[in-house]
Structure formats: C-alpha cells, structure tokens
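Engineer: Could you look at this predicted model? Sequence included:
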Amino acid sequence: MTVAYVFLALFCAVSCVHLVHSWRDEPKKRAYTKPFLLPLLIGFYVFAAKSVSPVLLAALLTSWLGDVLLIPKGTKWFVMGGLSFLASHVLFMCVYLPRLGFSPWNLWVLLPAAAVYYGISVKVTLTLRGTLPKMMLVPMILYLLANSTMNLFALLQLLTLRSVGAGVAYAGAVLFFASDCTLYLVRYHKNKDLIFKKHFTVMLTYLLGEALITVGVLLLG
C-alpha cells in the first residue's frame with residue numbers, strides 16, 4: 001500500500017504543476033506534464049486495488065490516450081482524442097453495470113436526471129453552431145450524450161448501493177461531464193473568456209473526476 005501512496009502523491013504533485021501551467025495559460029509547459037498524469041493515477045490504482053479490474057484499467061488507459069491525442073492542435077486530433085474518451089466512457093459504464101439494480105423508485109430519479117443531462121448536452125453543443133465545423137456538430141452531441149449516459153450509470157449505481165464508494169464515483173462522473181462541457185466551450189465558443197481560466201477549469205474538473213471515479217471503485221472493492 002505504501003507504493004500506492006507514493007503514486008498518489010506523485011499524481012497530486014504533477015497535477016498541481018500542470019494546473020499552475022494551465023492557470024498561467026502556458027500551453028507548451030502543459031503539454032510536458034499532461035502525458036504523465038493518468039499513468040500515475042493508474043499506478044496508484046494498480047497498487048491500491050486488492051483485485052485489479054481490467055475494465056477500469058482499460059478505461060483509464062483510453063482516457064490517457066485521449067489526453068495525449070488532444071495535445072496537438074487541429075480537428076483530426078480533437079476527433080481522435082474524442083473517440084478515445086468515448087471508449088473510456090463505455091468502459092466506465094461496463095465497470096458500473098454489474099452493480100446496477102433497476103426498480104420503479106430509481107426511475108423517478110433517473111428519468112428527470114436523464115432529461116437534464118441530455119438537455120445540457122444538446123444545449124452546449126448547439127451553442128457552438130456559429131463557430132463549430134458542421135461535420136463536428138452531430139459527433140460532438142453524440143459524445144456528450146455518451147458521457148451523460150455514463151453519468152446515469154454512475155447515478156443508478158449510487159441509487160442501488162447507497163454507499164460512500166458509489167457516491168464518490170458519481171461525484172467523479174459529474175466532474176468529468178462538467179470538464180467535457182467546459183472543453184467544448186473553451187475550444188469552440190466565440191467568446192474565449194467565457195470560461196474562467198479556460199484550460200485550468202477543464203483540467204481541474206477532469207483530474208478530480210478521474211481520481212474520484214478511481215477512488216470510488218476502490219471503495220466499492
């Protein structure tokens with residue numbers, strides 16, 4: 001377990017350095033630290049888990065690949081990074097799936113939540129119609145809908161288990177969703193100052209989201 005805490009400390013330290021560069025809006029320096037973030041979180045998970053989930057491991061690895069692919073500028077890199085993150089959302093859903101329980105009472109929470117998530121996904125993307133390449137509109141909506149569905153899986157897991165671990169994992173999913181919505185606005189909104197400190201906000205919510213999902217799954221055992 002000591003090794004796990006070393007990886008966690010390194011993850012926190014490198015994340016802080018990355019966030020400082022993001023706060024200062026230093027893209028080249030952000031690019032140096034970004035590839036090391038998720039591998040350190042993966043190291044923490046591998047050494048902290050009693051039994052490593054290959055599915056969660058794959059979800060974190062595809063998130064790391066998405067991080068790396070989003071470093072270069074350009075639409076093709078943004079698309080490839082999005083596809084990698086799409087795979088990670090599907091894998092996170094597979095992590096939650098065995099713990100889900102369906103009941104009429106859960107639907108009273110799940111259905112309004114779905115309306116909110118899907119509504120935000122469509123609203124955020126349509127806000128960018130003036131500056132977004134037309135070919136990107138539908139794929140970006142579909143991506144946010146996938147993130148929304150991952151959040152709904154995490155919410156249903158919380159409603160089913162009503163445990164601390166499920167709550168932590170859901171909080172992470174919410175932050176991941178907030179990060180993706182923020183990234184869309186930072187990348188494509190005509191008013192670049194709309195988001196506070198731009199990539200700092202994107203990365204703060206993203207790193208906390210990934211970390212809380214990982215810790216939540218660890219707490220669930």
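Structural biologist: The structure has been received and is ready for your questions.
Engineer: And the host helix or strand of Gly216, how far out from the chain middle?
Structural biologist: Under the criterion of DSSP states H and E, Gly216 resides in helix 199-220. Centroid displacement of helix 199-220 relative to its chain, using Cα atoms, centre = their mean, to the nearest Å, is 7 Å.
Engineer: and Ser103, backbone torsions?
Structural biologist: Comment: the main-chain dihedrals of Ser103 come out as phi -150, psi 160, following degrees, to the nearest 10.
Engineer: nearest residue to the residue nearest the centre of the chain other than its sequence neighbours?
Structural biologist: Residue closest to the mean C-alpha point of the chain, counted by Cα atoms, centre = their mean, is Phe176 at 3.2 Å. Leaving out its chain neighbours, the residue that sits closest to Phe176 by Cβ to Cβ, 6 or more residues apart in numbering is Gly209, at 3.6 Å. C-beta coordinates here come from the backbone N, C-alpha and C atoms, glycine included.
Engineer: Ala169 is in contact with the one you found, correct?
Structural biologist: No. Because the distance of 10.1 Å does not satisfy Cβ atoms under 8 Å, Gly209 is recorded as not touching Ala169.
Engineer: Compare the two and say which is more crowded by neighbours.
Structural biologist: In this view Gly209 and Ala169 are compared by other Cβ atoms under 10 Å, and Ala169 has more residues nearby, 30 against 21.
Engineer: How much space separates the residue of the chain positioned farthest from its centre from Met140?
Structural biologist: With Cα atoms, centre = their mean as the measure, the chain has its most outlying C-alpha, relative to the mean C-alpha position, at Pro104: 28.7 Å. Shown here: Pro104 relative to Met140, a distance of 34 Å by Cβ to Cβ, to the nearest Å.
Engineer: hang on, the earlier thing: the residue nearest to the centre of the chain: helix or strand, and which one exactly?
Structural biologist: Short version: Phe176 belongs to helix 164-188, going by DSSP H and E.
Engineer: what's the angle between that helix and helix 199-220?
Structural biologist: What separates the directions of helix 164-188 and helix 199-220 is an angle of 160 degrees, with axes from the mean of the first three to the mean of the last three Cα atoms, to 10 degrees.
Engineer: Return the list of helices and strands in contact with helix 164-188.
Structural biologist: helix 75-96, helix 104-126, helix 134-161, helix 199-220 (3 or more Cβ pairs under 8 Å, 6 or more residues apart in numbering; DSSP states H and E).
Engineer: Can you list the buried residues in that helix?
Structural biologist: 165-188 (16 or more other Cβ atoms under 10 Å).
Engineer: Can you verify my assumption that Lys29 contacts His21?
Structural biologist: Yes. With contacts counted by Cβ under 8 Å, Lys29 reaches His21, the gap being 4.1 Å.
Engineer: neighbour-wise, which of these two wins?
Structural biologist: Each of Lys29 and His21 had its neighbours counted (other Cβ under 10 Å), and the higher figure belongs to His21 (21 against 15).
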